[in-house]
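Q: Would you be able to build a 3D model of this:
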Amino acid sequence: MAFLLYAAGRVLDGARLYVDVVEINPPLIVALNLPAVVLARAADMSDILVYRALVVVALLGSLAFSDWALRRVLDPAEHRLKRRVLLVLAFGLFLMPGNDFGEREHLLVALALPYVLLAVGRAGGRPATGGGAVAAGVFAGIGLALKPHFLLVWAAIEGYAAWRLRARRPSDEALGTAAVLALYLAGVAVLTPQYFGLVKLLGPAYAGYGYDPFLHVLITAPGTPLCALAVLSWAALRREAKHGVLWTVLLVALVTSFVAAAAQQKGWSYHFYPARVFALALLALAVFDVRRPFTRMLQRVYAAAAFAALGTSVLSSLNAGVIRIRHGDAAREAEQRQLDELVGAVRRHVPPGGSLYALSYTIGSGFPLVNYSGVRWASRFPHLWIIEAAYQDQLYSPAPIRFHSRHEMGPAERYLNDAVLQDLAHYRPDVLLVLRHARDVPQNSLRRLDYLAYFERDPSIARQLQQYRLAEEVGQYLVYVRARSPDQPGAPPTSAPGEYDVVRSGASAVGKALVDDHAFLLNLTTFLLLGAGAFAVETRSSRGGAPVRTRQGRA
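A: Here you go, the predicted model:
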């Protein structure tokens, strides 16, 4: 988020996107950050603060639009269900994102929710027409343009609605979405044609960056238990659903968004945020939108499990929020302390209007450090992820990492080396941050990479590095400053063997690690207590008499 705000600021100042600022994502996310930067500059405020405020406004707008859509999906007498669904969606939009607040997936869900709800009405025989329907499609199109991987969700929902209605023409929502995507594609071709060449150059490398096999991601992805429980609850309780179409559309959205996230083969938490929101909404229906009492044991079990999962998700996110507010998250506080120390170091060594460069694989080395310190970023890249992608096959090998010679490098790695040399020579950064590397052993994976050893092999880059002197060490980083003269005190950047391990050999077994995870134990305990209580209530209710069957709602 911090880098994208910085990138938007650079574009406002005349930098060329995908040339002077290299970002693998399509340009819309940078464009959406432009208003935040303009307002922040006009009000002399933090761009991050302004961005968060604008996201809050967008989320409130999404809830208001979703309320309008639900009024067209549910009967007027079903105001209680509508309020409950909106409350769950509000929790999903505001509390569930956590550290992923403001990510593209977060914006995608907020923008697409009204479209998903109107698709429920359409598939149930209550289509919305006119400006509201087109607007829902337009907003969904903007969300999908941010993350094209999730076009699968749109295609599946449209396919389900068309199959159910035997429709031969696209809906107003679908036309709105298609129009936005077509205009966006044409706009990219006209305004930022460099993007297509960059994707051709860096796309294969990005596919290997953070690579996790598809089937492995399906099993181990963040939120997998929640999503799996939601799907099983649908299977066990769908015959008791009062609004079967609503259940099925949410199921389609859940499954396809989970597959779209796994297909990116990264396993990163924010990729699965849309699936988790749809899973939460489906679990809420399993609690609030079923005919009771249940006649089968399996139904009581899944109704209780759905309630327990819903309650645990809410309480866990509330607890995490309180811990953040009270500064009780040890890992987060340690990161904040290191950031504060780096901000202080950068301000000590970078003169007004000066610049910073970082040799690191993680975007966290430069951002939000640049935003908070007020310095310029002297690299076209947010971080040097291409190196990780180029050596992905060696990171977990027992053999020492062997760097490629120039003729062994692929196009992306050669481009990186040329760009690093050009940026160092052109921007002449005042401070150079180098992430300290660990021992060259498999358990250290990414941290095995010795950036100084890597770049010292190129004589031209080595000459640029020799212009710096060690000023201080801050946590995991070596801070070098540009020397005013060749005899300035301090050691120049020089490669040395790594001396520490990120992951100690003989690490704790999985069982012990889970036992030591207090948050996991608290969530497990909460889930079991809520589930046991809910099952007891469902069992008592089932003994009170046969279920009363009512006519199923059209939605």
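
Q: Any buried residues in the helix or strand containing Phe535, and which?
A: Applying DSSP states H and E as the criterion places Phe535 in helix 518-542. For helix 518-542, the buried set under the neighbour-count rule, 16 or more other Cβ atoms under 10 Å, comprises 523, 526-527, 530-531, 534-535, 538, 542. For every residue, glycine as well, the C-beta is placed using N, CA and C.

Q: ok, which stretches of the protein are strands?
A: 355-359, 376-377, 431-435, 468-474, 477-482 (DSSP state E).

Q: Nearest to Val11, out of the ones you listed?
A: Judged by Cβ to Cβ, the one of the strands of the chain that comes nearest to Val11 is strand 376-377, at 13.1 Å.

Q: quick one on the thing from earlier: in CSV, list the buried residues of helix 518-542 along with pLDDT.
A: What follows is the buried residues of helix 518-542, written out as CSV (pLDDT from 0 to 100):
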residue, pLDDT
Asn523, 91
Thr526, 95
Phe527, 96
Leu530, 96
Gly531, 96
Ala534, 95
Phe535, 95
Glu538, 92
Ser542, 81
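
Q: got the domain boundaries for this protein?
A: Per automatic domain parsing, the structural domains of the chain span 2-213, 331-482.

Q: one step back: export the strands of the chain as a markdown table, with columns for mean pLDDT.
A: Listed next are the strands of the chain as a markdown table, based on pLDDT from 0 to 100:
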| stretch | mean pLDDT |
| --- | --- |
| strand 355-359 | 97 |
| strand 376-377 | 96 |
| strand 431-435 | 97 |
| strand 468-474 | 96 |
| strand 477-482 | 96 |
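
Q: I'd like these laid out as a markdown table, including mean neighbour count and distance to Val109.
A: Shown next, in a markdown table, are the strands of the chain (neighbours: other Cβ atoms under 10 Å; distance: least, Cβ to Cβ, whole Å):
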| stretch | mean neighbour count | distance to Val109 |
| --- | --- | --- |
| strand 355-359 | 25 | 32 |
| strand 376-377 | 22 | 30 |
| strand 431-435 | 23 | 33 |
| strand 468-474 | 17 | 37 |
| strand 477-482 | 21 | 35 |
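
Q: ok so, going back, helices or strands next to the helix holding Phe535 in the packing?
A: Using 3 or more Cβ pairs under 8 Å, 6 or more residues apart in numbering; DSSP states H and E, the elements in contact with helix 518-542 are helix 297-325, helix 510-516.

Q: which residues sit against it?
A: Contacts with helix 518-542, where a contact means Cβ atoms under 8 Å, 6 or more residues apart in numbering, come from 292-295, 300-301, 303-305, 307-309, 311-312, 315-316, 319-320, 514-515.

Q: Repeat that for stretch 183-197.
A: In this structure, residues lying in contact with stretch 183-197 by Cβ under 8 Å, 6+ apart are 16-19, 26-28, 141, 145.

Q: One more: stretch 203-215?
A: When contacts are taken as Cβ under 8 Å, 6+ apart, the neighbours of stretch 203-215 outside the stretch itself are 24, 220, 262-263, 265-268, 385-386, 388-390, 392, 410, 412-413.

Q: I'd like the average pLDDT over it.
A: In this model, stretch 203-215 carries a mean pLDDT of 91.

Q: Pull out the buried residues from it.
A: For stretch 203-215, burial by neighbour count (16+ other Cβ under 10 Å) applies to 205-206, 208-211.

Q: Asn99: which of the residues you listed is nearest?
A: Closest to Asn99 out of the buried residues of stretch 203-215 is Gly210 (16.8 Å), distances taken as Cβ to Cβ.

Q: Could you check how far that closest one is from Pro293?
A: Note on Gly210: its distance to Pro293, by Cβ to Cβ, to the nearest Å, is 48 Å.

Q: still on that earlier bit, quick one: which of the buried residues of stretch 203-215 sit in helices?
A: If you go by DSSP state H, the buried residues of stretch 203-215 have 205-206, 208 in helices.

Q: Is it possible to get CSV of the buried residues of helix 518-542 that adds distance to Gly187?
A: As requested, the buried residues of helix 518-542 are exported to CSV (distance: Cβ to Cβ, whole Å):
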residue, distance to Gly187
Asn523, 44
Thr526, 48
Phe527, 47
Leu530, 49
Gly531, 50
Ala534, 50
Phe535, 54
Glu538, 53
Ser542, 58
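
Q: Can you turn the buried part of the contacts of stretch 203-215 into a PyMOL selection?
A: Here the buried members of these are turned into a PyMOL selection, burial being counted by 16+ other Cβ under 10 Å:
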select buried, resi 24+262+265+266+267+268+385+386+388+389+390+392+410+412+413
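
Q: So which residues of the stretch 51-200 of the chain form helices?
A: Defined through DSSP state H, counting those that start in this stretch, the helices belonging to the stretch 51-200 of the chain, from first to last, are 79-94, 104-123, 131-146, 151-165, 172-191, 194-208.

Q: can you check the stretch 251-400 of the chain too?
A: Along the stretch 251-400 of the chain, counting by DSSP H, counting those that start in this stretch, helices occupy 273-288, 297-325, 330-349, 369-373, 385-390.

Q: taking those helices together, which one is wrapped up most tightly?
A: Between these, helix 273-288 has the highest mean count of neighbours, a mean of 26, where neighbours are mean count of other Cβ atoms under 10 Å.

Q: rewinding a little: pipe the domains of the chain into JSON lines and attach distance to Phe272 per row.
A: As requested, the domains of the chain are exported to JSON lines (distance: least, Cβ to Cβ, whole Å):
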{"stretch": "domain 2-213", "distance to Phe272": "8"}
{"stretch": "domain 331-482", "distance to Phe272": "19"}
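
Q: Of those, which is nearest Leu285?
A: Comparing those by their distance to Leu285 (Cβ to Cβ), the top pick is domain 2-213, with 7.8 Å.

Q: chain center to that closest one, what's the gap?
A: Put simply, domain 2-213 sits 13 Å off its chain's centre (Cα atoms, centre = their mean, to the nearest Å).

Q: Contact partners for the residue nearest to Leu34 when sequence neighbours are not counted?
A: Taking Cβ to Cβ, 6 or more residues apart in numbering, and ignoring the residues beside it in sequence, Leu34 has Ala8 as its nearest neighbour in space, at 4.9 Å. With contact taken as Cβ under 8 Å, 6+ apart, Ala8 is in contact with 30-31, 33-34, 36-37.
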